[in-house]
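S.K.: Generate coordinates for the sequence data below:
(one chain, ligands or ions: 1)
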Amino acid sequence: MVRFASRLDSIPPYLFGEISRLKAKAISEGADLIDFGIGDPDQPTPQPIIDKLAEAANDPATHRYDETDYGWPPFIEAVADWYAGRFGVQLDPAKGEVLGLIGSKEGLAHLAWAFIDPGDVSLVPEPGYTVYKVNTALAGGTPIAMPLLAENGFLPDLSAIPADVAKKAKLLYINYPNNPTAAVATPEFFAEVVAFAKEHDIIVCHDAAYSEVTYDGYRAPSFLQTPGAKAVGIEIHSLSKAFSMTGWRVGFAVGNADVLKGLNKLKSNVDSKQFPALMEAGAYALRNLEASPATLALYSRRRDIVIDGLNGMGWNMPKTKATLYVWAPVPPGYTSIEFAKTLLEKAGVLVVPGIGYGQYGEGYIRISLTVSGDRNGERVAEAFDRIRRNVQVRW
Ligand SMILES: Cc1ncc(COP(=O)(O)O)c(C=O)c1O
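M.R.: Reported below is the predicted structural model:
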């Protein structure tokens, strides 16, 4: 008998059992499913980045362990220069203010392991990316949800956090532009986070994975642009969404050198850094490219079809400014799982029920704008035709 470590029991159960079963059944029956489930860019990585990887992989100097302290120097320097150019934020690699990651998920997870002791609390957004909560629990801590509510623009209400919880909290995770709500943060909100963290001695981790996936001229700010931010926390970033590089596993953490030192101490005992050729390709992307305007135009065309489609059926959704998602309330009379099931069974359209992002996600579905096989919005339009024809929505 194989017995898992009891800490694995703290991982919450998989909530999409029935949806997954119905999806597998529909596929086995040959149904033409339109899948709005995964948030994984469906466009290829830009060719110049692939070419750079090939060139770097042909250089034997990249075939060895990266034995540097904080990461492959050309990459670390490219990150610092990118932050100065993109956000006007000065980072000093020599002071340990930039750390390479094997994708941002790795850093977000290991941060909890580096800072959370049994009994400690992490404040985590809910609905939210589950990595913050699960790794806090795995490390023996207690994740406490900060509800992201529509009436607050899906920003957490820090004044609603009870004093005893704030006192126990060691880490606070935030994420803007936000998965799954697509909300964006204001500089005022970031200033409130800095003040709250200072008052309660909490480390802030801002997950900025979607900062470059923005529309209609909107530019997302960095948390580190906020006065005092570097004293209280870090920002974790990724090339995954900006450059359609999810499988490459290239990310980085920047900001407070003491926090990064802790994260790096843990990391240096569990990984041996990323393949240097990949970091060379990442450095090339940061120095020479920006998120592909054609890819962003495709996402925003899909976003328009989704939001116009919903609004044509009685929803009242504003246009989102960022991310790969639309977070839509479910019509009255349905739970999020029931509505997702109805869309799947009646229209062959797969969405994610909001409950999968925590209890405050109930009452919503997440529609991803990354639809495989969709060239120009025609699959997205077809999905909404099918929903209009086959699903009764009453408000
Ligand atoms: C909010 C958020 N942060 C981080 C990640 C992880 O990205 P990666 O590990 O590919 O950098 C994701 C992936 O979907 C995400 O949605």
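
S.K.: biggest helix in the protein by residues?
M.R.: The longest helix of the chain (DSSP state H) is helix 293-312.

S.K.: what sits against Gly309?
M.R.: Val380, Ala381, Ala383, Phe384, Ile387, Arg388 (C-beta atoms under 8 Å, 6 or more residues apart in numbering). The C-beta positions use only the backbone N, C-alpha and C, and glycine is treated the same way.

S.K.: what about it, distance to the ligand?
M.R.: 23 Å (C-beta to the nearest ligand atom, to the nearest Å).

S.K.: which element follows the helix or strand Ala137 falls within toward the C-terminus?
M.R.: Following DSSP states H and E, one finds Ala137 within helix 131-138. Next along the chain after helix 131-138, taking DSSP H and E as the criterion, comes strand 142-147.

S.K.: Report all helices and strands that that following strand contacts.
M.R.: strand 121-126, helix 131-138 (3 or more C-beta pairs under 8 Å, 6 or more residues apart in numbering; DSSP states H and E).

S.K.: quick one: average pLDDT of the host helix or strand of Asp51?
M.R.: In the assignment (DSSP H and E), Asp51 maps to helix 47-57. Mean per-residue pLDDT for helix 47-57: 98.

S.K.: by how many degrees do the following helix or strand past that helix and helix 47-57 diverge?
M.R.: With elements assigned by DSSP H and E, the helix or strand that comes after helix 47-57 is helix 73-87. Put simply, helix 73-87 runs at 160 degrees to helix 47-57, going by axes from the mean of the first three to the mean of the last three C-alpha atoms, to 10 degrees.

S.K.: Tell me the strands beside whichever helix or strand comes after helix 73-87, with direction?
M.R.: As assigned by DSSP H and E, the chain's next helix or strand after helix 73-87 is strand 98-101. As defined by DSSP bridges, the strand partners of strand 98-101 come to strand 251-255 (antiparallel).

S.K.: Low-confidence ranges, this protein, go.
M.R.: Across the chain, the ranges flagged by pLDDT under 70 are 15-16.

S.K.: show me where it has strands.
M.R.: For the chain, strands defined by DSSP state E occupy the ranges 34-35, 98-101, 121-126, 142-147, 169-175, 203-207, 233-238, 251-255, 325-329, 349-350, 352-353, 364-368.

S.K.: of all the helices and strands packed on strand 142-147, which gets the most neighbours per residue?
M.R.: strand 121-126 (a mean of 25; mean count of other C-beta atoms under 10 Å).

S.K.: chain center to that strand: distance?
M.R.: What separates the centre of strand 121-126 from the centre of its chain is 15 Å, taken as C-alpha atoms, centre = their mean, to the nearest Å.

S.K.: partner strands of that strand, parallel or antiparallel?
M.R.: By DSSP bridges, strand 121-126 pairs with strand 142-147 (parallel), strand 169-175 (parallel).

S.K.: which parts of the shortest one are buried?
M.R.: Of the residues in strand 142-147, those buried by neighbour count under the rule 16 or more other C-beta atoms under 10 Å are Thr142, Pro143, Ile144, Ala145, Met146, Pro147.

S.K.: Just want the angle from that strand to helix 131-138.
M.R.: Relative orientation of strand 142-147 versus helix 131-138 (the same axes, to 10 degrees): 150 degrees.

S.K.: Can you tell me what sits against strand 142-147?
M.R.: Residues contacting strand 142-147 (C-beta under 8 Å, 6+ apart): 119-126, 132-133, 136-137, 156-158, 161, 165, 169, 358-360.

S.K.: let's see 6 Å
M.R.: Val121, Ser122, Leu123, Val124, Pro125, Glu126, Lys133, Thr136, Ala137, Pro156, Val165, Tyr360 (C-beta atoms under 6 Å, 6 or more residues apart in numbering).

S.K.: go on, stretch 52-64?
M.R.: Against stretch 52-64 from outside (C-beta under 6 Å, 6+ apart): Pro276, Ala277, Glu280, Ala281, Tyr284.

S.K.: go on, stretch 324-341?
M.R.: 19, 39, 180-182, 306, 310, 351, 353-355, 362-370, 393.

S.K.: Go through it and flag the buried ones.
M.R.: Buried-residue list, stretch 324-341, by 16+ other C-beta under 10 Å: 324-331, 334, 336-337, 339-341.

S.K.: can you check stretch 192-206 too?
M.R.: If you call a residue buried by 16+ other C-beta under 10 Å, then stretch 192-206 has these buried ones: Glu192, Val193, Val194, Phe196, Ala197, His200, Ile202, Ile203, Val204, Cys205, His206.

S.K.: what residues does that stretch touch?
M.R.: So stretch 192-206 is in contact with 111, 158, 166, 169, 171-174, 223, 226, 228-229, 232-235, 259, going by C-beta under 6 Å, 6+ apart.

S.K.: likewise stretch 157-167?
M.R.: Ile144, Glu192, Phe196, His200.

S.K.: Okay then, goodbye and thanks.
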